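**Q** Would you be able to build a 3D model of this:
(chains A, B and C)
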Amino acid sequence: MKVEARLLIWLGVFIGIMGIVYGIWSKEWGGTAMLIGTAILGIFPGLYYRWWSKRMGDRPEDRDATMAEGAGRIDTFPGSSIWPFALGMGCWFLVLALVFGTWFVVIGLPLVIFAVSGATAESRRGGDASGH
Amino acid sequence: MVDTLQPTTEHAHDDGHDEHHGASGLLNWLTTTDHKIIGMNYTVTSVIMMLLGGAMAMLIRAQLTVPDGGLVSLAKYNELFTMHGSIMIYLFAGPFAFGGLANYMVPIQIGAPDMAFPRLNALSYWLYLTGSITMLLGFFTAGGAANFGWVGYAPLSNSLNAPGAGADLWVGALILTGFSAIFTGVNLVATIFYLRAPGMTMFRMPIFTWNMLVTGILILLAFPVLTAGLVMLYCDRHFGTHIYDANGGGSPVLWQHIFWFWGHPEVYILALPFFGMVTEIIPVFSKKPLFGYKGMVFATITIAALSTGVWAHHMFTTGVVLLPFFSFMTYLISIPTGMKFFNWIGSMWGGQVQFTSAMLFSIGFLLTFLIGGITGILLASPPLDFFTHDTYFVVAHFHSVVIALVIGAMAGIFYWYPKMTGRFLSERLGKIQFWLLFGGGLLFVMPGYLVGLRGMPRRMAVYIIDPTWQNLNIWSSVGGFLMGISMLIFAANALKTMKTPKTAGPNPWDGHTLEWFTTSPPPHHNFYSLPNIKSERPTWDYFHPDAPALTHDDHDPSHVPGAVKADAQ
Amino acid sequence: MNDLANSTESAIAPTSKNRPSRKGLGWIALAIAPILLSGCQIPGFGINQGVTETSHKVYKLWQGFMVTGLIVGGFTFVLIVFAAIRYRRRSNEIPRQTQYNTLVEVLYTVIPTIIVGFLFYFTIVVENPEVALVSNPPAKVKVVAFQWGWRFSYPENPMVTVVGQSTENPELVLPVGETVQLNLSSLDVVHGFYVKEFAFSQYALPGVVNKFDFKATKAGEFQTQCTQMCGLYHSLMYFKVKTIPAADYHQCLTNSTSGKQFIACANNTTTALYHRNTATQGAPVHHG
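**A** Below is the predicted model:
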């Protein structure tokens, strides 16, 4: 996890320095704000990963390890789910509402709410209906 | 000697969930969360988008063979080039690379059973598909599709100058595909950070995966800016704000800043995946490890870091940007990009270069990208940019780059097609396609440079009567049509394989990375077994245990080239 | 024994091992030769010198960049093609699995950096005077772009304003041998002011006044048009730039009471010059 954290932090720091130089030199605040924001987008998750790297120590994928060391359960992967499709359609109708009028919201918004709660419930159950 | 292990994955539905046991084909397709199926969906959809965008390009090129056009009206022409650019950038190049091939290959290359967030991955695809449909819907509205260029420069894209629903559909489509890209970026980064197989350290990841990681990070840095900018544009159009409106105290240049702050990292979001593909392919078909692997990784990261600081080189002629800063940063970014060429050359050097279609396309990519890169250096100089800005020189420059990307995409398809389908594309058709695409591409861009230097502006439905301009345009159009024919050959090639038997086997190219260790196509959750990972070439190490990559500056005199014989697999 | 091995290796090395690079060098020399032989007669690579002081400098910069680009690009091109052909597959042997070579890697990092440093230096040398403004220009023109045409007004004589829409092809008259400052802005959307022979373009932005100056060196007439996509009739937003001797320019400007008169006067004084210096390539198309 150390390399991952460093990658993000240094990207952020570099962009931050660039942002400071740019801001002082150009006095153009739009670009400066975007650069500083981008720097934070790099540093923030970077620090989070750094914190995790200290907590977790070296994982088998961070060092020279054999396959056997990673044996066991990796994670739960949902096999199939209708909710992404439902959510996608809901978002689509919401965007179409931006163009063709608010009545699309009548379909879109309930669909989004329904899909988000459905997906959340599915996660709490742990996977899809055929899950464990 | 080399131990492999039975699958270490457990998942929620070993108990019966399988593609073959689902209710029906359509329902399976709608509910799938398998990264391979989603990757295939992305690939097929984006290739269809490329063919659509290409068809529009054919109309544009036909219009430009005569000065006074006549094939399409001025209004339709504006819609055509806007949608050509939008489709190729937003709906083809990016989604093909990070949604299609990366979605399919990255989890397999790092030995993971799936993407980290399979349902989010499926959502990405549905947002991309609906976004694509939304953008194309513009053609069926009364006012026609968006018509302000794919960059949507602010005062021209406001409600006064672009009142139609087509423009709103364009904005909506970009918001949808923007979120789709962000979700894919999150997924790629999380997958690569958390789901690598044991022993697969960061510096043992295949270079394609490295490129996709950096692409994913760049997506996360850049796309939110575009989406925010689009929301503000929508507010300007409908809610009476004046963010980009000079008459209301806003700034049209702000849109250009926001757009290009996304737009230049986007150039690398588009390019890096294809760099990654050819960087996988060239060493495999040279039977050598990638030359300067670590340098290549650092070059890629450097490109990502610098790419956020070069956006205003698209805006040199606005007169309100800091010229030396952006010129300097642009020159800097050319260094890591240039270094990659020598990595590629070094990988071929002293190898056994096998001219399969995938390799031919890769070399074609290098040569075409070289032209785009060199002219890019010219454009990084503000005085030369003042001279050529908004002329066909610029059009030819970025088409050199994106045609290189299309050639790279073909390399990727020919390389991974056996893995994804178990079938080979016809090599003979592939080579015919290569020469048409490569030759047509060169024939398309070269006259473009010349006519640009003679002063022909871009985005012109009609142009002044000048025999030289017309002749150059005709040559360009011939090149464009050759590329069109090459795509038809590709479509025929892909359709033809549907009838061929699955003969590819797990490792047809003697590949280096983990995807060549599993069956073609891979099973649900990808692996039955995995080799131990000791370098960035686990599959090669497994099949050629006596030919590992030489460590740094290994000048062992007993190690005569060719002394190591190929061992039978 | 050790000596023998060494000597054998050194004897073999130049012929077998180093042959590729020798050959490569030969090709590079071959590529550079025409440029070296032609000496100062560097070609224009598709452009000409233009008609302002800046455009002459840009022309030289362009030549320098093109020569560098052709050498670097040619070198890389030859290396790619050479590597692919020279090392094409000949057997099933596994080649030496070289992955790193510190010297080569350092070289291909350092040399491009140096080249790029030079390019940046020369860029700045040309750019700084180009964007710098003369403090007290002897002539001034206000250029306003709109959908889809141009308005040129001359503060020297407020009565003189030339307005023209798209195919009316309005004329912008500028003096030769005298610095003229242009104030460029737009009424509606972004337009592009571009004169090829001046090697210059600038956006006409709404809400922003862009200032830049020219010193023309030659009289002539130059057909051009808006370069930035600006809506339906973008491709028909023509204008013409005419440079006339400075004395005539000021005389016409003071003697005219309207834009029409000014253009007629300018045309009169330069009729003889057209035939010699016209650098335009064609007439605008009249689209129905």
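
**Q** ok, now which ones touch B:M83?
**A** Contact partners of B:M83, counting by C-beta atoms under 8 Å, 6 or more residues apart in numbering or on different chains, are B:G53, B:M56, B:M135, B:L136, B:G138, B:F139, B:A145, B:A146. To be clear about C-beta, it is placed using only N, CA and C from the backbone, and glycine gets the same treatment.

**Q** Show me how far the host helix or strand of the third one is from its chain's centre.
**A** By that I understand B:M135. For B:M135, the element it lies in under DSSP states H and E is helix B:118-137. Remark: helix B:118-137 is offset 17 Å from the chain centroid, using C-alpha atoms, centre = their mean, to the nearest Å.

**Q** what about that helix, near chain A?
**A** Yes. For helix B:118-137, a contact with chain A is found by C-beta under 8 Å from any C-beta of the partner chain, at B:P118, B:R119, B:L120, B:N121, B:A122, B:L123, B:Y125, B:W126, B:L127, B:L129, B:T130, B:T134.

**Q** roughly how far apart are the residue of the stretch 151-288 of chain C found nearest chain B and chain A?
**A** Here the stretch 151-288 of chain C gets closest to chain B at one residue, C:G207, 2.8 Å apart by C-beta to the nearest C-beta. Using C-beta to the nearest C-beta, to the nearest Å, one gets 14 Å for the distance from C:G207 to chain A.

**Q** Could you do B:S347 as well?
**A** 24 Å.

**Q** Any part of the host helix or strand of that residue near chain C?
**A** According to DSSP H and E, B:S347 maps onto helix B:323-348. Yes. Residues of helix B:323-348 contacting chain C under C-beta under 8 Å from any C-beta: B:323-324, B:327-328, B:331-332, B:334-335, B:338-339, B:341-342, B:344-346, B:348.

**Q** quick one: which of the residues you listed is nearest chain A?
**A** Nearest to chain A among the residues of helix B:323-348 next to chain C, with distances taken as C-beta to the nearest C-beta, is B:P324, at 8.7 Å.

**Q** Quick check: the residue of chain A nearest chain B.
**A** Scanning chain A for the residue nearest chain B gives A:G88, at 2.6 Å (criterion: C-beta to the nearest C-beta).

**Q** can you pick the most crowded of the contacts of B:M83?
**A** Of all the contacts of B:M83, B:A146 has the most neighbours under the rule other C-beta atoms under 10 Å in any protein chain shown, reaching 28 neighbours.

**Q** Can you verify my assumption that that residue contacts B:G152?
**A** Yes. Assessed by C-beta atoms under 8 Å, B:A146 is found in contact with B:G152 at 7.3 Å.

**Q** Could you pull up the mean pLDDT of the lengthiest helix in chain A?
**A** Ranked by number of residues, the top helix in chain A under DSSP state H is helix A:29-56. Mean per-residue pLDDT for helix A:29-56: 92.

**Q** What angle do helix B:323-348 and that helix make with each other?
**A** Angle of helix A:29-56 versus helix B:323-348, following axes from the mean of the first three to the mean of the last three C-alpha atoms, to 10 degrees, is 50 degrees.

**Q** Mind giving me the packing neighbours of helix A:29-56?
**A** On a contact count with 3 or more C-beta pairs under 8 Å, 6 or more residues apart in numbering or on different chains; DSSP states H and E, helix A:29-56 meets helix A:2-26, helix B:207-238, helix B:252-286.

**Q** Tell me the buried residues in the shortest one?
**A** Meaning helix A:2-26. A:4-5, A:7-9, A:11-12, A:14-16, A:18-19, A:22-23, A:26 (16 or more other C-beta atoms under 10 Å in any protein chain shown).

**Q** What is the nearest of those to A:I82?
**A** A:E4 (33.3 Å; C-beta to C-beta).

**Q** so who does the closest one touch?
**A** Applying C-beta under 8 Å, 6+ apart, the residues near A:E4 are A:Y49, A:S53, B:F193, B:M202.

**Q** And B:H389, by the same measure?
**A** B:F316, B:T317, C:G192, C:Y194, C:S201, C:T227.

**Q** Which one of these is nearest to chain A?
**A** B:F316 (13.7 Å).

**Q** centroid residue for chain A?
**A** Note on chain A: the residue nearest the mean C-alpha position is A:P45, at 10.1 Å, using C-alpha atoms, centre = their mean.

**Q** how close does it sit to B:V214?
**A** From A:P45 across to B:V214, the span is 15 Å (C-beta to C-beta, to the nearest Å).

**Q** what's the answer for B:G229, then?
**A** 23 Å.

**Q** Settle it for me: which of those two has more neighbours?
**A** Using other C-beta under 10 Å as the criterion, B:G229 and B:V214 rank with B:V214 on top: 28 against 25.
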